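1. Sequence below, structure please.
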Amino acid sequence: RRSDYTTIRWESASPIQHGSSAGKEAIPPETLAPLIGDAQGGLIAAVDGRIVHNELDESIRKQGVIFTDLDTAVREHGELVRRNLMTKAVKPDEGKFASLHAALWTHGIFVYVPRNKVVELPLHSVFYNTRSGMSLGHVVIVLEEGAQLTLLQEYLSAEGQDHMSYVGMTELVVGANANLRYVALQDWARNVYDFRHERARVAQDGQLDWIIGTMGAHFTKQFAEIEIDGSGAWARMSGLFFADADQFMDHDTQQNHNAPHTTSDLLFKGALKDSARTVWQGMIKAMPGAQKTNGFQANRNLLLSRDSRADSIPGLEILTDDLRCTHAATVSRLEDEPVFYLESRGLPKSESERLLVLGFFDPIMQRIPFAEVRDRLGAHIEQKLAHVAELA
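-> Numbers count the residues shown, from 1 in each chain. Next up, the predicted model:
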């Protein structure tokens, strides 16, 4: 209802073929840099749907961890893939984009951490596009009981004029007492239409820390859902987005409590400038029997121009009793008082506004566990702020 699909040129959205000659060198080198100092647990990079780099630290491999492209996983770990691919999290019949993806997916990664194994070093996956057409990437992460993992997934593309679309799916399966930290950052070029259906399942006493960053693409529609299936499970979803020019970003989030004594916490913060528009629609649902649920969601939006617009639609669906579920939403401009305070200390107005916007995003930025990635994201925010028009 709020997302206009009529501008999509479906006739030019045929799946990208794997014949691309672009290799790893097409990806900006800073994107492939180690996440912590000189250490990298593993790196998979795909360019135009073709895997151009695939490595995993030998000490991690010896733990029985699988970190590979989806084609290889299907060949070498067929039964494990069959049990987890589009069966536990997102299923093919859940919507038109899920069905399209299931029929035509072009590439992906498969990550599996055995029971009680702790992956100390973070893993890193990059999907990078250089060509027009449709790319359909898939992410599957499975943690068995007691396992621990941190993974960064990035979506990027080269600047171009031709229509490009991405139809992706992400499935996160967090076992009992397992702990997953998943960071997904999207910075597509402005000729990209981005559609993603993503869902996590968290079992008893499991923990999920899911961080979402949206900076690029002309049009973004993302479904991000958490199914909290076991007693004692905890899940946090943190989102950051910045829309400028004529960008449109639509995030639809779900926190579904399917068991008692569960906790979910969601915070999405976004800034808008120029004629950008964003939509955030969130729902906390407590199913029958999910007593002692503690669910919270908040969406904060900062308008940096007269013509930008943010729609914020929180929601609760409570089908049980003896719980605590709350929500909050704000759409506002920068307040005059803190701007004046900084100006009174000698800062120009533009610098005062820049610092306040960076401070607005800082609670989410600090949840990203990689300093180099925070620096890259911060630089992009500053770039978007460089030409902010005079505020209303």
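
2. confidence score at residue 11?
-> pLDDT for residue 11: 61.

3. just the helices in the stretch 251-392 of the chain please.
-> Ranges of helices in the stretch 251-392 of the chain, per DSSP state H, counting those that start in this stretch, are 336-344, 349-365, 371-385.

4. Ok, which of those helices comes nearest residue 199?
-> Shortest distance between residue 199 and the helices of the stretch 251-392 of the chain, using C-beta to C-beta, is found for helix 349-365: 21.0 Å. All C-beta atoms are positioned from the backbone trio N, CA, C, and that covers glycine.

5. what does the closest one rub up against?
-> With contacts defined as C-beta atoms under 8 Å, 6 or more residues apart in numbering, helix 349-365 is touched by 211, 238-240, 242, 267, 269, 271, 300, 302, 304, 334, 338-339, 342-343, 347, 374, 377-378, 381-382, 385, 388, 391.

6. Could you pull out the buried residues of that helix?
-> Residues of helix 349-365 classed as buried by neighbour count (16 or more other C-beta atoms under 10 Å): 352, 353, 354, 356, 357, 360, 361, 364, 365.

7. Looking at the residues you listed, which two lie furthest apart in space?
-> Distance extremes for the buried residues of helix 349-365: the farthest pair is 352 and 364 at 21.1 Å, using C-beta to C-beta.

8. neighbours of residue 72, just the number please.
-> 14 (other C-beta atoms under 10 Å).

9. Under a three-state scheme, what state does it occupy?
-> Per DSSP: H, G, I helix; E, B strand; the rest coil, the local secondary structure of residue 72 is helix.

10. Leaving out chain neighbours, which residue sits closest to residue 239?
-> Of all residues not flanking residue 239 in the chain, residue 268 sits nearest, at 3.7 Å (C-beta to C-beta, 6 or more residues apart in numbering).

11. so what's that neighbour up against?
-> Under the criterion of C-beta under 8 Å, 6+ apart, the contact list for residue 268 reads 212, 237-241, 251, 253, 280, 282, 298-300.

12. any idea how far it lies from residue 190?
-> As for residue 268, its distance to residue 190 is 22 Å (criterion: C-beta to C-beta, to the nearest Å).

13. what does residue 297 give?
-> Using C-beta to C-beta, which is the criterion applied here, residue 297 is 29 Å from residue 190.

14. and if you look at residue 295?
-> The span separating residue 295 from residue 190 equals 36 Å under the rule C-beta to C-beta.

15. now swap in residue 354 and tell me
-> In this view, residue 354 and residue 190 are 23 Å apart by C-beta to C-beta.

16. Over to residue 147?
-> According to C-beta to C-beta, residue 147 stands 38 Å off from residue 190.

17. Over to residue 383?
-> In terms of C-beta to C-beta, residue 383 sits 13 Å off from residue 190.

18. So for those two, which residue has more residues nearby?
-> Looking at residue 383 and residue 190 with other C-beta under 10 Å, you find the greater number of neighbours at residue 190, namely 17 against 12.

19. Can you tell me the closest non-neighbouring residue to that one?
-> Of all residues not flanking residue 190 in the chain, residue 218 sits nearest, at 5.2 Å (C-beta to C-beta, 6+ apart).

20. Can you get me a residue count around the one you found?
-> 20.

21. pretty sure residue 332 contacts residue 302?
-> Yes. Applying C-beta atoms under 8 Å as the test, residue 332 and residue 302 come out as touching, 6.6 Å apart.

22. Looking at these two, which one has more neighbours?
-> A count of neighbours by other C-beta under 10 Å puts residue 302 above the other of residue 332 and residue 302, at 21 against 10.
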